[in-house]
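Q: with the sequence up front, the predicted model follows.
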Amino acid sequence: MPAEIQIQQLFKKYPNGTHALKGVSLEIHKGQFFTLLGPNGAGKSTLVKIMTTLINKDSGSFLISGINPEQNPSKIQNIIGVASQDNEIDPSETVESLMIFQGRLFGLTRPEANRRANELIEWFQLTTERSKKASALSGGNKRRLHCALALVHRPQILFLDEPTVGMDPVARANFWDVIIALNRKEGVTVFLTTQYLDEAEKHATGMALMVGGEISYSGSIAGFKQMVNPEDELSLDDSYLHYVKTLSNQESLIQ
């Protein structure tokens with residue numbers, strides 16, 4: 001099966017000249033629930049921004065559903081949904097008006113946009129917030145709104161960059177019910193970055209670990225845990241902490 005997302009040797013420098021990405025290569029297959037893990041500053045958000053056409057790479061190549069995003073960004077934007085950490089929404093508009101406006105931007109008729117807004121507001125349990133302005137929403141509800149907006153046009157690939165930050169446990173559980181249903185019942189490919197490793201372990205079918213702008217592991221979660229400690233059945237959280245600490249200790253010895 002050909003990969004739905006193919007990334008080959010991506011490089012990207014920060015303005016200060018240091019590398020955010022150092023030759024990143026990955027493959028994500030259609031319908032996969034893939035999670036990209038790594039410490040803060042590892043380059044995860046930079047990679048997501050490149051794949052979603054928000055910033056340009058310095059070198060390397062990548063395809064999404066066989067399409068080169070640099071040659072046809074508008075086509076890519078129609079097949080992906082993006083809930084990034086720094087999504088900005090008009091604070092003066094209501095939840096409902098933002099949802100309808102998003103639908104109209106993607107070519108839905110007014111009745112279609114209304115129906116889709118109602119559907120997503122119900123899915124994400126924003127019914128009591130629908131008439132509130134975005135500025136009045138809690139941090140968790142803003143994140144839910146961001147994710148709902150990313151789904152208005154029924155994308156085939158969904159990029160979620162730290163999506164559940166600020167959500168309470170009930171909201172998180174509801175959020176994942178929606179995303180898992182989309183992934184398993186409708187075949188939506190999910191690309192997730194998160195610091196909540198319990199979410200990754202529970203839901204993801206594949207993972208990669210990025211450290212210092214490089215991919216240090218790519219494969220299954222079970223394979224990663226086995227690689228880190230084949231003797232003990234550690235959780236992903238414990239395996240991740242052990243692995244990252246080991247890498248840090250090795251770097252300290254080299255320096």
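A: That came through, no problem.

Q: please, where are all the helices along this protein?
A: Remark: helices assigned in the chain by DSSP state H are 44-51, 73-79, 95-105, 110-123, 139-150, 169-186, 197-203, 221-228, 236-254.

Q: out of the ones you listed, which gets nearest to Ser25?
A: helix 44-51 (11.1 Å; C-beta to C-beta). For the C-beta atoms, the positions are set from N, CA and C on the backbone; glycine is no exception.

Q: which helices and strands does that closest one pack with?
A: Under the contact criterion of 3 or more C-beta pairs under 8 Å, 6 or more residues apart in numbering; DSSP states H and E, helix 44-51 touches strand 3-13, strand 19-29, strand 33-37, strand 59-64, strand 157-161, strand 189-193.

Q: pLDDT of the last one, averaged?
A: In other words, strand 189-193. Per-residue pLDDT over strand 189-193 has a mean of 96.

Q: can you give the strand pairings for it, parallel or anti for each?
A: Strand 189-193 has its sheet partners listed here by DSSP bridges as strand 33-37 (parallel), strand 157-161 (parallel).

Q: pipe the helices of the chain into CSV and attach mean pLDDT per row.
A: CSV is the format used below for the helices of the chain (pLDDT from 0 to 100):
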stretch, mean pLDDT
helix 44-51, 93
helix 73-79, 91
helix 95-105, 96
helix 110-123, 96
helix 139-150, 92
helix 169-186, 93
helix 197-203, 94
helix 221-228, 94
helix 236-254, 76
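
Q: which one of the ones you listed is the most hemmed in?
A: When you average the neighbours per residue for each of those (mean count of other C-beta atoms under 10 Å), helix 44-51 leads with a mean of 24.

Q: mind listing residues that contact that helix?
A: Helix 44-51 is contacted from outside by 5, 7, 10, 12, 20-21, 24, 36-38, 55-57, 62, 64, 69, 82, 84-85, 159, 161, 191, 193, 210, 213, using C-beta atoms under 8 Å, 6 or more residues apart in numbering.

Q: nearest to Phe101, out of the helices and strands packed on helix 44-51?
A: strand 157-161 (19.9 Å).

Q: pull the residues that contact the closest one.
A: By C-beta under 8 Å, 6+ apart, strand 157-161 touches 4-5, 44-45, 48, 51-52, 64-65, 79-85, 147, 150-151, 179, 182, 188-194.

Q: mind doing that once more with 7 Å?
A: 4, 45, 48, 51-52, 64, 79-85, 147, 150, 188-193 (C-beta atoms under 7 Å, 6 or more residues apart in numbering).

Q: list the beta-bridge partners for the spatially most central residue of the chain.
A: Taking C-alpha atoms, centre = their mean, the centroid of the chain lies closest to Leu160, which sits 2.3 Å from it. With DSSP bridges applied, Leu160 shows beta-bridge pairing to Ala83, Leu192.

Q: which among the helices and strands packed on helix 44-51 is found nearest to Lys225?
A: Per C-beta to C-beta, nearest to Lys225 of these: strand 33-37, 12.4 Å.

Q: touching, Gln156 and Val188? I think so.
A: Yes. Gln156 lies in contact with Val188 (C-beta atoms under 7 Å); the separation is 6.3 Å.
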